[in-house]
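In: this one's structure only:
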């Protein structure tokens, strides 16, 4: 079974803090994704990566950056957290560079920014 | 207009009922369609892909109507365990032809 893990299930941070969310997958997938999920808005793509050191902006990249130094690990960084970044963050991975491939999700990180 | 639109529900149905959800999408060039299931406070998981010819998996049937740009999910003989949010997923909107998720339709199956 594909396993995607995220470093924290719940996180509470203060406005202005730098926040790191880590995601690891164990199936040698090329593609990795970061989404946020908010009530009424569905999942929105923040950033994705096709390969090590490669990254592409998704629909809502503002206020976020990412890092992919190793194939299995994709980090989401909030340089200066703000209250409007309170959300559920979901990481996903998929096997090949086509949208048709199934995405496997991690359990999510619920982030609260005070 | 939203790129992928779903009725958020909730759909409240008794056990054994048949229930159908529709999802409309705005990009006529989209090629890949899926239904994902998300349980409360859990991550989304692929339920089934949606093919042009339609496809069936047990009690679940998915259909694609390209002319009207919608996909549907039919659940027969609903079980309590079917209670979840069903996400319609379509490709072709954002950079890299990645997937776009609808807001989801919540289903609650009652005894």
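Out: Nice, thanks for sending it over. Predicted model, so just to flag it, every value in this text is computed and none were measured.

In: list the contacts of the residue nearest the centre of chain A.
Out: Nearest residue to the geometric centre of chain A (C-alpha atoms, centre = their mean): residue A:34, 2.6 Å. Applying C-beta atoms under 8 Å, 6 or more residues apart in numbering or on different chains to residue A:34 gives the contacts A:21, A:23, A:45-48, A:58, A:64, A:66, A:74, A:76, A:89-91. C-beta coordinates here come from the backbone N, C-alpha and C atoms, glycine included.

In: so which of those residues sit within strands?
Out: If you go by DSSP state E, these have A:21, A:23, A:45, A:46, A:47, A:48, A:66, A:74, A:76, A:89, A:90, A:91 in strands.

In: ok, and which of the residues you listed reach chain B?
Out: The subset of those within reach of chain B, counting by C-beta under 8 Å from any C-beta of the partner chain, consists of A:45, A:48, A:90.

In: from the residues you listed, pick the one nearest residue B:89.
Out: Ranked by distance to residue B:89 (C-beta to C-beta), those are led by residue A:45 at 11.6 Å.

In: neighbours around the closest one, how many?
Out: 24 (other C-beta atoms under 10 Å in any protein chain shown).

In: just residue A:75 next, same as before
Out: By other C-beta under 10 Å, the residues close to residue A:75 number 19.

In: just residue B:4 next, same as before
Out: 23.
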